[in-house]
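Chemist: everything below, folded, please.
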Amino acid sequence: MNGMKHQRANAQREGAMKSPRAWSAPVIMLAVALAFALAACLVPTTKAAAYYNFGTVGVYPGGSYLSVQAGQSTSTSISVDPSSSDQTLGCGMAKCPQVCTSEEVIEANYTCFDVNGQCTCAGTSYSTYYPEVYASSSNGGVATAYVSGGTLVVTGNSAGSATITVTASLRQWTTNSASIQVDVTEPPTSGGSTSGGGGGGSSSSEIPASSLSATSTPSTAGVPREATPTESKDDALNETVIETVAGKVIVVEKNSFLETRTQFEKIIGTKDQVVFWSGSSSDRPDYSWTFVGEDVSADSPYLDFDPTITVSKLGAGNVSNIMKQAKDGLVMEFAHEGDLPGEASVYVKVGDAFSDGTELGLFCFDDKAKRFERAQEGLKVQDGYVSFKTTHCSTWAFSTDDLASYEVEETNTPGAISVNKQDSIADEGSNGWIVPVAVGIVVVAAAAVVAVVLVRRRKRADSGTDVEQEGAPEAEKPPVAKDEPDDAR
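Modeler: Numbers count the residues shown, from 1 in each chain. Below you'll find the model as predicted:
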């Protein structure tokens, strides 16, 4: 009986030492805790700890269809929104750590962000980034294309159809594309003169006064209705002259051959007009300018000016901040800054954003005050266009909303979260709680493992002592002697 007890005790001690069950529970707990902690540490502490995504780049061609003869070129405008983006280096990149703890940021009461929502962990300086825009053709044998500035130039190579795809990409924005269908026709085989051709009369021939109209009538796009529609081109000066009793109107496309000074010098001091237009054709341009010679100063230092206008829904910088708060709007950013050589009538195509009959307010952005000021109201959209007069170029915007009622807001830009607002802005909030919680879990798990190990050791020690106490008296007892035979005595 006592021998069997000794064997059971020894077996219990050896089983406790060899059985994996004694160690499996604490090991599993520790492994799970470490795995969770590792995963938590890989999660960015804030949204800015990874790459930003400010949205999708907008690509807006002047039209969805073009036609051109083989051997000829045509063009249309391409508008990209945003036209630029001011950014810091940002967080979560190769040159930037995942944690923002700069003293400047902390003193400004921000976590990783400046007032524009830009990550400052790699520095507070800004760089301006511009979209990369390129064109590709589904059939290069039929048509090829390239983008120059805000213009898409398409060249017909042979009769047929092709799809031109314009793609725009911008740092920390999602790349986007737009497509244009192009039909290429064979050039005419029969003779016949064309405008500017060698045969026939000269464009400088005098026109009988009886055949001239009294005045030119501008269309809703700003181009005289009497002007023959002209397709865009960029291989020469694209100019049309309309003669009227009241004077002449020069209609000229904004392309690489345009010299505004030369055009202004033709009309200064007269009632003649010059119209600059940009787009796929003169009858439906993206925008146009009209200047009257009497209003143009010969001494103006701005006779050489760039008439380019970029139209977008948001604009950039503080303008974008406000436009995101408004219910609608279109922003006009001018390549020219400051005063114009004279008063101009500006016509802008807005049909994609506002329906005919809509009354819009015109607002001018004040860079110093960082807010819009109302300039005009009650501008009505007609045939997809709206017009206004101006003597200077700033950042202008159309809207049915009161843009002057908005101010720049720090939380309007993605990621711009003030420390004292983190709890109330869930979608822009920080995930900084994850790491401390993970560390706490690891500590608790480690303590639990240590406690389990100590308890098991104590149980094994107590079990061993009990066995020894039970076995000692049995060892002191003398062995029971067998009865000796009689002859042994």
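Chemist: so, low pLDDT: which residues of the stretch 301-450 of the chain?
Modeler: 410-439, 441-442 (pLDDT under 70).
Chemist: what about the helices in it?
Modeler: For the stretch 301-450 of the chain, the helices defined by DSSP state H, counting those that start in this stretch cover 317-323, 434-476.
Chemist: alpha carbons only: can I get the shortest one in CSV?
Modeler: Listed in CSV are the C-alpha atoms of helix 317-323, where the atom choice follows Å, rounded to 0.1, in the frame of the first residue of the first chain:
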residue,chain,number,x,y,z
GLY,A,317,-5.7,77.2,-50.2
ASN,A,318,-8.0,79.3,-48.1
VAL,A,319,-10.4,79.7,-51.0
SER,A,320,-10.8,75.9,-51.1
ASN,A,321,-11.4,76.0,-47.3
ILE,A,322,-14.3,78.3,-47.7
MET,A,323,-15.7,76.7,-50.8
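Chemist: which residues does it contact?
Modeler: By Cβ atoms under 8 Å, 6 or more residues apart in numbering, the surrounding residues in contact with helix 317-323 are 82, 86, 116, 313-315, 329, 331, 365, 367, 370-372, 395, 397, 403, 406-409, 412-413. Quick note: C-beta positions are derived from backbone N, CA and C, even for glycine.
Chemist: can you do 7 Å?
Modeler: 82, 86, 313-315, 329, 331, 365, 370, 372, 395, 403, 406, 408-409, 412-413 (Cβ atoms under 7 Å, 6 or more residues apart in numbering).
Chemist: buried subset of these?
Modeler: 82, 313-315, 329, 331, 365, 372, 395, 403, 406, 408, 412-413 (16 or more other Cβ atoms under 10 Å).
Chemist: let me have those residues in JSON lines, adding distance to residue 154 as columns.
Modeler: Shown next, in JSON lines, are the buried ones among the contacts of helix 317-323 (distance: Cβ to Cβ, whole Å):
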{"residue": "82", "distance to residue 154": "25"}
{"residue": "313", "distance to residue 154": "26"}
{"residue": "314", "distance to residue 154": "28"}
{"residue": "315", "distance to residue 154": "28"}
{"residue": "329", "distance to residue 154": "31"}
{"residue": "331", "distance to residue 154": "27"}
{"residue": "365", "distance to residue 154": "35"}
{"residue": "372", "distance to residue 154": "37"}
{"residue": "395", "distance to residue 154": "31"}
{"residue": "403", "distance to residue 154": "37"}
{"residue": "406", "distance to residue 154": "40"}
{"residue": "408", "distance to residue 154": "41"}
{"residue": "412", "distance to residue 154": "39"}
{"residue": "413", "distance to residue 154": "37"}
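Chemist: which one of those residues sits closest to residue 65?
Modeler: residue 313 (23.1 Å; Cβ to Cβ).
Chemist: residues touching that closest one, list them.
Modeler: With the criterion set at Cβ under 7 Å, 6+ apart, residue 313 makes contact with 58, 81, 323, 329, 330, 331.
Chemist: now with 10 Å, please.
Modeler: Contact analysis of residue 313 by Cβ atoms under 10 Å, 6 or more residues apart in numbering lists 58, 60, 81-82, 320, 323-324, 328-331, 352-353, 397.
Chemist: for the stretch 101-250 of the chain, give me the ranges with low pLDDT.
Modeler: Residue ranges of the stretch 101-250 of the chain with pLDDT under 70: 101-124, 189-216.
Chemist: ok, which stretches of it are helices?
Modeler: Counting by DSSP H, counting those that start in this stretch, the stretch 101-250 of the chain has helices at residues 103-107.
Chemist: can you pull out the strands in it?
Modeler: Under the criterion DSSP state E, counting those that start in this stretch, strands of the stretch 101-250 of the chain are mapped to 127-129, 132-137, 143-148, 151-156, 160-169, 176-185, 239-244, 247-253.
Chemist: from those, which stretch is densest packed?
Modeler: Stretch with highest mean neighbour count among those: strand 151-156 (a mean of 23; mean count of other Cβ atoms under 10 Å).
Chemist: angle of that strand against strand 160-169?
Modeler: 150 degrees (axes from the mean of the first three to the mean of the last three Cα atoms, to 10 degrees).
Chemist: partner strands of strand 151-156 and their direction?
Modeler: Strand 151-156 has its sheet partners listed here by DSSP bridges as strand 73-81 (antiparallel), strand 143-148 (antiparallel).
Chemist: who wins for proximity to residue 66 among those?
Modeler: Here strand 73-81 is closest among the strands paired with strand 151-156 (Cβ to Cβ), at 5.5 Å.
Chemist: which strands and helices sit next to the next helix or strand after that closest one?
Modeler: Later in the chain than strand 73-81, the nearest helix or strand by DSSP states H and E is strand 85-87. Here strand 85-87 touches strand 127-129, helix 317-323, going by 3 or more Cβ pairs under 10 Å, 6 or more residues apart in numbering; DSSP states H and E.
Chemist: and this structure, what are its domains?
Modeler: 23-45+435-466, 60-185, 212-402 (automatic domain parsing).
Chemist: distance to residue 54 added to those, as CSV?
Modeler: Output for the domains of the chain, formatted as CSV (distance: least, Cβ to Cβ, whole Å):
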stretch, distance to residue 54
domain 23-45+435-466, 17
domain 60-185, 5
domain 212-402, 9
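Chemist: so which of those comes closest to residue 53?
Modeler: It is, among those and with distance given as Cβ to Cβ, domain 60-185, at 6.3 Å.
Chemist: with adjacent residues omitted, what lies nearest to residue 315?
Modeler: Among residues not flanking residue 315 along the chain, residue 331 sits closest, at 3.6 Å (Cβ to Cβ, 6 or more residues apart in numbering).
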